[in-house]
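Visitor: Requesting a structural model of the entry that follows:
(one chain, ligands or ions: 2)
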Amino acid sequence: MTYKSMPKVELHTHIEGCAPPAFIRGLAQEKSIDISGIFNKDGTYAYRDFAHFLEVYEAACTTLQGPQDFYRLTKAILEESASHGVVYQETFISPDFCGGGDVGAWREYLHAIEAAAAEAERDHNITLKCVATCVRHFGAEKAKAAAKCAAETKGDFVTGFGMGGAETFGKPADFAYAYDMAREAGLELTCHAGEWGGPEMIADTLRDLKVTRIGHGVDAIKDRELVARIIDMDVVLEVCPGSNVFLNATGDWPDHPIKSLRDAGVKVTVSTDDPPFFGTTMTHEFDMLAETFGWDETDFKSLNQTALDAAFCDDATRAKIQKRLDT
Ligand code: HPA
Ligand code: ZN
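Guide: Ligands and ions are numbered 1, 2, ... in the order given. Coordinates of the predicted model:
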């Protein structure tokens, strides 16, 4: 039994992290960049732990040097996602990797990515929205520049603002200025927290950045009072079980907190994060959840519905995707 063909809504992916290793190797070859050290002999990405993952990730990003590279990347990603039944996807795109925080350059990258997304929508019936994202370990000043890029381009495609990177770098409050700017521009907000930083990081993030969604958030399970608050505040978790298992952020599949969180009444969703880095796909996530917890079509329909309800998109898009889920 596989859930490959079931329609899926995915809220948490990183655009560069969706790049297949062969795609990055191809770009490296075209540009004569030597990044052979970031690959295993079998061609997969090679890293030891989360800190090293971020280094390898940034090395891979050095091959993505202009809007055209992101155009090609977006086309490749969406074709792959659609083949796993994804009908709606949100992706984190960082102004830091797309123009270095310059608003004019960011606009050019977005233009190319949006063009690729429009072609993928036509060819593969998949919708993409962008959550512009700052990189936590690049610091608060860079985060402000990223938020400015996001605020200036808020619209149909750029609908949210987020933060990834090294979760234990600094405090959420350091990034409050950037988040305030994004909120004032009307962007919806999410932030990685509680993958590595414990329940306190989730609590501080909710208090200081006033997000409606949390990236990962699995450490919430360690604090019952926080679980109650998350439910009370109607916060949605973008859970990425395969990523957590691969990086040892949680226990193995049977011990993954997604089931306990869901059973407790937390709104959870399922995403791949950086699929080729973690050897996963949306099909694999659904199939593993089915195998591990006995979740079935009814469970996955409800997970999809939670994700669509929490999607950072306009009403017309939500209605269109709803139809796809309902048929
Ligand atoms: N977690 C945090 N930051 C990231 C990730 C991730 O999985 N991928 C790219 N930046
Ligand atoms: Zn992530």
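Visitor: Please identify the residues of the stretch 101-250 of the chain in proximity to ligand 1?
Guide: 164-165, 192, 243 (Cβ under 6 Å from any ligand atom). (C-beta placed from N, C-alpha, C; glycine too.)
Visitor: Would you point out the most distant pair within the residues you listed?
Guide: 165 and 243 (14.5 Å; Cβ to Cβ).
Visitor: of the two, who's got more company?
Guide: residue 243 (26 against 20; other Cβ atoms under 10 Å).
Visitor: pLDDT wise, what is whatever residue of the chain ends up closest to ligand 1 at?
Guide: Per Cβ to the nearest ligand atom, residue 164 is where the chain lies closest to ligand 1, at 3.3 Å. At residue 164, the model reports a pLDDT of 98.
Visitor: Show the contacting residues for residue 281.
Guide: Counting by Cβ atoms under 8 Å, 6 or more residues apart in numbering, residue 281 touches 80, 84, 272, 275.
Visitor: Turn those into TSV, columns for pLDDT and neighbour count.
Guide: Formatted as TSV, the contacts of residue 281 follow (pLDDT from 0 to 100; neighbours: other Cβ atoms under 10 Å):
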residue	pLDDT	neighbour count
80	98	18
84	98	21
272	99	29
275	98	27
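Visitor: The residues you listed: which two are farthest apart?
Guide: 80 and 272 (10.4 Å).
Visitor: who touches both of these two?
Guide: In contact with both residue 80 and residue 272: 18, 281, using Cβ under 8 Å, 6+ apart.
Visitor: So which residues of the stretch 101-250 of the chain form strands?
Guide: All strands of the stretch 101-250 of the chain, identified by DSSP state E, counting those that start in this stretch, fall at 127-135, 158-164, 188-193, 213-216, 236-239.
Visitor: Please work out which residues outside the second one touch it.
Guide: I take that to be strand 158-164. By Cβ under 8 Å, 6+ apart, strand 158-164 touches 14, 90, 92, 94, 110, 129-136, 143, 147, 150, 175, 178-179, 182-183, 187-192, 209, 215, 312-314.
Visitor: Out of those, which end up buried?
Guide: Buried subset of these (neighbour count, 16 or more other Cβ atoms under 10 Å): 14, 90, 92, 94, 110, 129-136, 143, 147, 150, 175, 178-179, 182-183, 187-192, 209, 215, 312-313.
Visitor: where does residue 6 land on pLDDT?
Guide: 98.
Visitor: What of residue 26?
Guide: 98.
Visitor: Tell me if it really is in a helix.
Guide: Yes. Membership of residue 26 in a helix is supported by DSSP: H, G, I helix; E, B strand; the rest coil.
Visitor: What ranges does the protein have for its helices?
Guide: Ranges of helices in the chain, per DSSP state H, are 21-30, 50-61, 67-83, 103-124, 140-152, 176-184, 198-209, 224-233, 241-247, 258-264, 282-293, 297-310, 315-326.
Visitor: what's the third one packed up against?
Guide: When you say that, I think you mean helix 67-83. helix 21-30, strand 86-93, helix 103-124 (3 or more Cβ pairs under 8 Å, 6 or more residues apart in numbering; DSSP states H and E).
Visitor: distance between that helix and the chain's centre?
Guide: Centre-to-centre, helix 67-83 and its host chain are 15 Å apart (Cα atoms, centre = their mean, to the nearest Å).
Visitor: now do stretch 43-62
Guide: 17 Å.
Visitor: Quote the end-to-end distance of that stretch.
Guide: Across stretch 43-62, the terminal residues are separated by 18 Å (Cα to Cα, to the nearest Å).
Visitor: so does it get close to ligand 1?
Guide: Yes. Using Cβ under 6 Å from any ligand atom, stretch 43-62 reaches ligand 1 at residue 57.
Visitor: tell me the average confidence for that stretch?
Guide: According to the model, stretch 43-62 has a mean pLDDT of 97.
Visitor: Now do the buried residues in it.
Guide: By neighbour count on 16+ other Cβ under 10 Å, the buried set for stretch 43-62 is 45, 47, 50, 53-54, 56-61.
Visitor: for stretch 18-34, same thing?
Guide: Neighbour count says stretch 18-34 has 18-21, 23-25, 27-28 buried, by 16+ other Cβ under 10 Å.
Visitor: out of these, who's nearest residue 256?
Guide: residue 18 (21.7 Å).
Visitor: and residue 294, how many residues sit next to it?
Guide: Count around residue 294 with other Cβ under 10 Å applied: 9.
Visitor: quick one: contacts for the closest residue in space to residue 207 that isn't next to it in sequence?
Guide: Nearest non-adjacent residue to residue 207, counting by Cβ to Cβ, 6 or more residues apart in numbering: residue 172, 7.7 Å away. For residue 172, the contact set (Cβ under 8 Å, 6+ apart) comprises 191, 193, 201, 204-205, 207-209.
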